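Colleague: Compute the structure for the input listed below.
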Amino acid sequence: MSDPTSKNCPSCFKEIDARASRCPFCAQRQPDAPSLYRDVPGRLAGGVCAALSLHFNWDVTLMRVLFVASLAVTGGLVLWVYAMIWFLTPFEARGRSPATKVLDALGNLFAKPATPQPETPPTGP
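Modeller: Predicted coordinates:
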């Protein structure tokens, strides 16, 4: 019986974590890996650092330390990058990002209302 928390990498055939999007041994992206999303274990504020750490197979603490250090170095510019990643990344694996939701709402707001077509009377004998 196989362990549900692990899987084999199709490239190097080594056992890896089932949630891993990249193999830690050969660094190949896993074919069953979902795209970047923020509803991951260890999420604190927006979930961006936890999502990136899962995506790159890094420790979440290391990702947060790098984020705070880059905040200090760039004078807050990284905060805008964090916000942009949050805005473009869906919360759930198969969900929609906030950017997509805003664009859909704007599209519905400015969409031309559908006009009902008049019914045509049936033709026949």
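
Colleague: So for Ala99, what pLDDT did the model give?
Modeller: In this prediction, Ala99 carries a pLDDT score of 90.

Colleague: got the contact list for it?
Modeller: Counting by C-beta atoms under 8 Å, 6 or more residues apart in numbering, Ala99 touches Phe87, Leu88. Where you see a C-beta, it was placed from the backbone N, CA and C, and this is true even at glycine.

Colleague: Provide the secondary structure category for it.
Modeller: helix (DSSP: H, G, I helix; E, B strand; the rest coil).

Colleague: same thing with Met84?
Modeller: At Met84 the chain is in helix, as set by three-state DSSP.

Colleague: Secondary structure element for Leu62, which one?
Modeller: Using DSSP states H and E, Leu62 sits within helix 60-74.

Colleague: who does that helix touch, helix- and strand-wise?
Modeller: Secondary-structure packing of helix 60-74 (3 or more C-beta pairs under 8 Å, 6 or more residues apart in numbering; DSSP states H and E): helix 48-56, helix 77-88.

Colleague: shouldn't Leu88 be in contact with Arg96?
Modeller: No - taking C-beta atoms under 8 Å as the definition, Leu88 is not a contact partner of Arg96, at 11.0 Å.

Colleague: excluding its backbone neighbours, what's nearest Phe56?
Modeller: Spatial nearest neighbour of Phe56, chain neighbours left out: Arg22 (6.9 Å); criterion: C-beta to C-beta, 6 or more residues apart in numbering.

Colleague: Once you drop chain neighbours, what's closest to the residue most central in space within the chain?
Modeller: Nearest to the mean C-alpha position of the chain, by C-alpha atoms, centre = their mean, lies Tyr37 at 2.3 Å. Nearest residue to Tyr37, sequence neighbours excluded (C-beta to C-beta, 6+ apart): Ala93, at 4.8 Å.
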